[in-house]
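Undergrad: Provide a 3D model corresponding to the input given below.
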Amino acid sequence: MLTYDLQSLDGERKYYALYQYIKEDIVSGVIPPGDKLPSKRALAAHLGVSTITVEYAYRQLIDEGYIYARERSGYYVCQLQVMVSPPEGRREPLHPLPEEDAPVPEDSHFPYSLWFKTLRHVISEYGQRLVSRSPNQGCAVLRNAIAAYLLRYRGMYAQPEQIIVGSGSEQLYETVVRMLGSDRIYGIESPSYGQIQAVYQGAGAQVEQLPMGAEGIISAALTMSKAQVLHVTPFHSYPSGVTAPAAKRYEYLQWAVQPDRYIVEDDFDSEFFMPGKPLESLYSMDKSGSVIYLNTFSKSLAPSMRMGYMILPPALLPVYNQRAGMYSCSVPVLEQYALAEFINKGYFEQHLNRTRRRNRER
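TA: Take a look at the predicted model:
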């Protein structure tokens, strides 16, 4: 007769513990294939538990294919294809991880009240729509809001259909490789944000590091480069802090005039340019349709806001749809609707203006 200690457990945990005990004995070979298990009543009486507890445990074992019921005969152990060595002992109790110490950054001025007010309104207004599947490129309401914001605040013109929503810069980098191909050479600034190289190489692409000067990538290095895709952060390169002047930006664009070359413009941190509005983006200056624009809300709102977007030149939309358009959008619909509302109500621009004012005062 099977013997297990279940007396210290409450009702619901007893059935699951019994199921685990019997399963481990079956997998380890303690109870061999073909053996008949005790009847529900006999095992319940032996273990001092209810018949319902044994019935639930047996039912779980049947559902998972460890035992089967033979009519008017009882319960028998199935023949498993793979047997493992017996465990040395029962499983240890769970060891919870300590809570991460994640203090709010000192310079964080996230508008909590406005954000949670927006969340409550969106939940009340849209209800069931928020649990639906997001379109692959992102929800139209957010893409429309981003397009209107860029035109109003940045003077950037992009149709909403050109905007792809993703969960942060790293995912968007991967999308670029899927779209343009891992067989290309990707030129990046040296030094640069480490995740850029890590993601490109992780996606199977070859990376060429191009040394930085006082105004951006050194011209000679760019001329000699074998790269077909150039990833630059012209507004604020990290960690060098270089901002590319107009002449360097035009140099980048002239490099991209040759056929089948593209620039990935990573515009991180551009919302906080001082004084006045941000410098004109490469995307806005581009006349050849070769600039892919990327930005996120991680810096402008909060690091936990894993939302970003990229703008594709119209000619690349069919390429995107063919090579990367089948991947699901990884940003929850609730967050997309909330951010769209936050932008449309003017809260996002108010937050940017307040943050820039504090930065000037500092």
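
Undergrad: ok, which stretches of this protein are strands?
TA: Under the criterion DSSP state E, the chain contains strands at 36-37, 67-70, 74-77, 163-166, 185-190, 206-211, 229-232, 262-266, 291-296, 308-311.

Undergrad: could I get the ones you listed as JSON lines with mean neighbour count, mean pLDDT and distance to Glu55?
TA: Where C-beta positions appear, they are placed from N, C-alpha and C, glycine not excepted. Output for the strands of the chain, formatted as JSON lines (neighbours: other Cβ atoms under 10 Å; pLDDT from 0 to 100; distance: least, Cβ to Cβ, whole Å):
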{"stretch": "strand 36-37", "mean neighbour count": "16", "mean pLDDT": "93", "distance to Glu55": "12"}
{"stretch": "strand 67-70", "mean neighbour count": "14", "mean pLDDT": "92", "distance to Glu55": "11"}
{"stretch": "strand 74-77", "mean neighbour count": "17", "mean pLDDT": "93", "distance to Glu55": "10"}
{"stretch": "strand 163-166", "mean neighbour count": "24", "mean pLDDT": "96", "distance to Glu55": "48"}
{"stretch": "strand 185-190", "mean neighbour count": "22", "mean pLDDT": "96", "distance to Glu55": "60"}
{"stretch": "strand 206-211", "mean neighbour count": "16", "mean pLDDT": "96", "distance to Glu55": "60"}
{"stretch": "strand 229-232", "mean neighbour count": "26", "mean pLDDT": "97", "distance to Glu55": "61"}
{"stretch": "strand 262-266", "mean neighbour count": "25", "mean pLDDT": "96", "distance to Glu55": "60"}
{"stretch": "strand 291-296", "mean neighbour count": "25", "mean pLDDT": "95", "distance to Glu55": "53"}
{"stretch": "strand 308-311", "mean neighbour count": "24", "mean pLDDT": "95", "distance to Glu55": "51"}
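
Undergrad: Could you export these as a markdown table, including distance to Ser134?
TA: Output for the strands of the chain, formatted as a markdown table (distance: least, Cβ to Cβ, whole Å):
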| stretch | distance to Ser134 |
| --- | --- |
| strand 36-37 | 47 |
| strand 67-70 | 42 |
| strand 74-77 | 46 |
| strand 163-166 | 8 |
| strand 185-190 | 28 |
| strand 206-211 | 31 |
| strand 229-232 | 27 |
| strand 262-266 | 24 |
| strand 291-296 | 17 |
| strand 308-311 | 13 |
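
Undergrad: Please name the bridge partners of the residue nearest to Ala221 when sequence neighbours are not counted.
TA: What sits nearest to Ala221 in space, not counting adjacent residues and going by Cβ to Cβ, 6 or more residues apart in numbering, is Leu210, at 4.8 Å. According to DSSP bridges, the residues that bridge with Leu210 are Glu189.

Undergrad: I'd like to know how far Leu210 sits from Arg249.
TA: With distances taken as Cβ to Cβ, to the nearest Å, Leu210 is found 15 Å from Arg249.

Undergrad: sorry, back to before: between the strands of the chain, which one is nearest to Gly325?
TA: Distance to Gly325, taken as Cβ to Cβ, is lowest for strand 163-166 among the strands of the chain, at 8.8 Å.

Undergrad: The closest one pairs with which strands?
TA: strand 308-311 (antiparallel).

Undergrad: Quick one: distance of the strand it pairs with to the chain centre.
TA: 14 Å (Cα atoms, centre = their mean, to the nearest Å).

Undergrad: Residues contacting it, please?
TA: Contacts with strand 308-311, where a contact means Cβ atoms under 8 Å, 6 or more residues apart in numbering, come from 138, 143, 146, 150, 156, 158, 162-169, 171-172, 175-176, 283, 292-298.

Undergrad: which residues touch the spatially closest residue to Ala205 that is not a sequence neighbour?
TA: Excluding its sequence neighbours, the residue lying closest to Ala205 (Cβ to Cβ, 6+ apart) is Ser182, at 4.6 Å. Ser182 is in contact with 203-205, counting by Cβ under 8 Å, 6+ apart.
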